[in-house]
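> sequence and predicted model, in that order:
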Amino acid sequence: MSIAYAGIDFGTSNSTVGVFSGALPELINLDQGNPEMPSAIFFNFEDEQIVYGRQAKQEYIRGDEGRLMQALKSILGTSLIQEKTAVMGGRMAFRDIIALYLRQLKHKLDAHLNEDVTKVVLGRPVHFIDGNETADKAAQDTLESIARQEGFKDIAFQYEPIAAALAYEQTVAQEELILVLDIGGGTADFSIIRVSPDRRNAPDRSNDILANTGVHIGGTDFDRLLSMAQVMPQLGYKTLTKCGKRALPSKYYFDLATWQFINQLYAPNILRELSEVRREAAQPHLVERLREVIRAKDGHALATRVEQAKIDLSSADIATVKIELEEEDVLLEMSTTEFRAAIDASICKIEQTINEALSNAGVTGDQINSMFLTGGTTRIPLLRRHFQELLPNATIVEGDVFGAVGLGLAADARRKFA
Ligand SMILES: Nc1ncnc2c1ncn2[C@@H]1O[C@H](COP(=O)(O)OP(=O)(O)OP(=O)(O)O)[C@@H](O)[C@H]1O
Ligand SMILES: [Mg+2]
C-alpha cells in the first residue's frame, strides 16, 4: 500500500481535500472535475435525493422543490448547532447535516486513495468565534467529533493560514518573512511566518510562526452587508410604520440577507407575521415584495445574485441585482463606492487584525517580504490596496485562491503523521 497523507479544508463557501503521496501535495477532484466543492447541500423533495456541491446549487436554481443549506461552518460554535431544521422526511440537527457533508468528502478521499483513510489534518480558522474561547473550543470539538463519527481516528487540526503558508513554502528558494492573508467566505485569518526551503520538513516549526490572528469576517458577511445596504431597503427595510415613529422590524431582512438563516423564513408562521407588518407599514407594497420573495422561496437565489454582484464589482465599477417579482422585476444598480461604504467597518476590523498580527510578531509592516493571498475574498481590489498600504515592501504572491489551504493541510499531515 502506498503511503498517503490527507488534509481537509472544510470551508464556509468551498471545501477541498489534499493528499500527499508523491513529491508534492495535490488536490483531489471533488466535484465535476474541480478540486473545490461548494459547501452546499440540497435536500431535493421531488426525487428524495441529497446532493452536494455544484449539483446542489444547480438543482436548487433549476427550481426543484427542496431545501438548500449553505455556510454551515458558520454554525459551528453557536447554539444553533444542536437545533433541528426541516429537511425531507422530518427534522435534522445542523450538526448531522455537517456530518453528511463531511461523509461525502471522506467518500471521495477513500475512493481516490482506494483505502479507508483514518488519519487526517483538518483546517480551522484562527477563531471560529470571536472573543469567546469556550465557544471557539466547542466549535473545534464539534468538528472533531463529527470527523470521528465519520470514520477518522487520528485527527489533528491546523490553522488555515499556516496551512496556506506551508503550501507556499513548498515553492520558495530562500528564506522570507511572509504574511499570509486568507480571507474566505466566513473568516479573515492572518499568519506571520518565516518560510525557508531548509526548514520545511522540520517537525517543530513553532519558532518560525511569529503570529496568528483572525476575525470572523468573510465574503458571506460582505454579501449580507451589500444586501442590507442596497437590496433590503427595496423590500421595506428601514422604512417606517404608518405612524412614522418606528422602523419595521429588521429581523426578517437580516435573515433574508444571511445565507445560513434564509431557511428560517420559510417556517409556516412567517408569512402571517408579515401580513401584520404589512398592515402597519407606511409603504405596504414594499413589505408585499418581501412576502413575495419568501412565498416563492427565492431567498437563496436572491442571495446568489447579490454575491454575484459583489464578485462583479471586483472587475467593474457597476453591478446589478434583479429582484424577481410577479408583476415587474426590480433591477438595482450598485457601484464600488456603495459597496465600499457597506463594508467600511469590516475593512477597519480586518486592518486592525493585521496590525495585531504585526505587533504580536514584533515586526513592522515594512519588514514583510511577501504577502501571500488566498481565499476568494482577497480578490477584491479595494482590500488589496489596503494591504499594500500596510505592507509597503511586500511582493504580492497569488496563492491558489481556493486550493492553498487544502494543499498545505496535506503537507502538514505528512509532517505530523509520517
Ligand atoms: N472575484 C471575487 N471577488 C470577490 N469575492 C470573491 C471573488 N471570488 C470569490 N469570492 C468570494 O470568496 C468567498 C469564498 O472564498 P473561499 O472559497 O476561499 O472561502 P472558504 O474557504 O469556503 O471560507 P473560510 O475559509 O472563511 O471558511 C465567497 O464569499 C465568494 O463570494
Ligand atoms: Mg478557506
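Arrived safely, thanks for sending. Ligands and ions are numbered 1, 2, ... in the order given.

> just give the nearest non-adjacent residue to the closest residue to ligand 2 within the chain, would you?
Relative to ligand 2, the nearest point of the chain is G184 (3.3 Å; Cβ to the ion). Glycine gets a C-beta too; all of them are placed from N, C-alpha and C. Sequence neighbours aside, G375 is the residue nearest to G184 in space, at 3.9 Å (criterion: Cβ to Cβ, 6 or more residues apart in numbering).

> from E169, how far out is that neighbour?
18 Å (Cβ to Cβ, to the nearest Å).

> before we move on, the earlier item: what pLDDT does the residue nearest to G184 get?
In this model, G375 is scored at 97, pLDDT.

> count of neighbours near the residue nearest to Y52 when sequence neighbours are not counted?
For Y52, ignoring the flanking residues on the chain, the nearest one in space by Cβ to Cβ, 6+ apart is Q104 at 5.0 Å. Neighbours of Q104 under the rule other Cβ atoms under 10 Å: 20.

> residues of the protein that sit close to ligand 1?
11-14, 39, 73, 160, 184-187, 218-220, 307, 310-311, 314, 375-377, 379-380, 402 (Cβ under 6 Å from any ligand atom).

> out of those residues, which are inside strands?
Among the residues of the chain next to ligand 1, DSSP state E puts N14 in strands.

> what's the weakest-modelled helix or strand in this protein?
Across the helices and strands of the chain, mean confidence by mean pLDDT, DSSP states H and E is lowest for strand 84-87: a mean of 88.

> send over that one as CSV, restricted to the C-alpha atoms.
Once non-C-alpha atoms are left out, strand 84-87 reads as follows in CSV (Å, rounded to 0.1, in the frame of the first residue of the first chain):
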residue,chain,number,x,y,z
LYS,A,84,-33.1,20.9,14.1
THR,A,85,-34.3,22.2,10.8
ALA,A,86,-36.9,20.8,8.5
VAL,A,87,-35.5,18.6,5.7
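
> buried sites along that strand?
85, 87 (16 or more other Cβ atoms under 10 Å).

> helices or strands up against it?
Secondary-structure packing of strand 84-87 (3 or more Cβ pairs under 8 Å, 6 or more residues apart in numbering; DSSP states H and E): strand 66-70, strand 90-93, helix 94-113.

> can you rerun that using 7 Å?
With contacts defined as 3 or more Cβ pairs under 7 Å, 6 or more residues apart in numbering; DSSP states H and E, the packing partners of strand 84-87 are strand 90-93.

> in the strand it packs on, what counts as buried?
By neighbour count on 16+ other Cβ under 10 Å, the buried set for strand 90-93 is M92.

> partner strands of the strand or helix carrying A156 and their direction?
Using DSSP states H and E, A156 sits in strand 154-159. Strand 154-159 has its sheet partners listed here by DSSP bridges as strand 119-124 (parallel).

> ok, the strand it pairs with near ligand 2 or not?
No - Strand 119-124 is not in contact with ligand 2 by Cβ under 5 Å from the ion; minimum separation 7.1 Å.

> after that strand comes which helix or strand?
Next element after strand 119-124 (DSSP H and E): helix 133-149.

> now do the helices in the stretch 301-418 of the chain.
Applying DSSP state H, counting those that start in this stretch to the stretch 301-418 of the chain gives helices spanning 336-361, 381-390, 404-417.

> what helices or strands is the longest one leaning on?
The reference is to helix 336-361. On a contact count with 3+ Cβ pairs under 7 Å, 6+ apart, helix 336-361 meets strand 188-195, strand 209-215, helix 219-226, helix 381-390.

> now the angle from it to helix 219-226?
For helix 336-361 against helix 219-226, the angle between stretch directions is 140 degrees (axes from the mean of the first three to the mean of the last three Cα atoms, to 10 degrees).

> OK, contacts around the residue of the chain closest to ligand 2?
11-13, 218-219, 375-377 (Cβ atoms under 7 Å, 6 or more residues apart in numbering).
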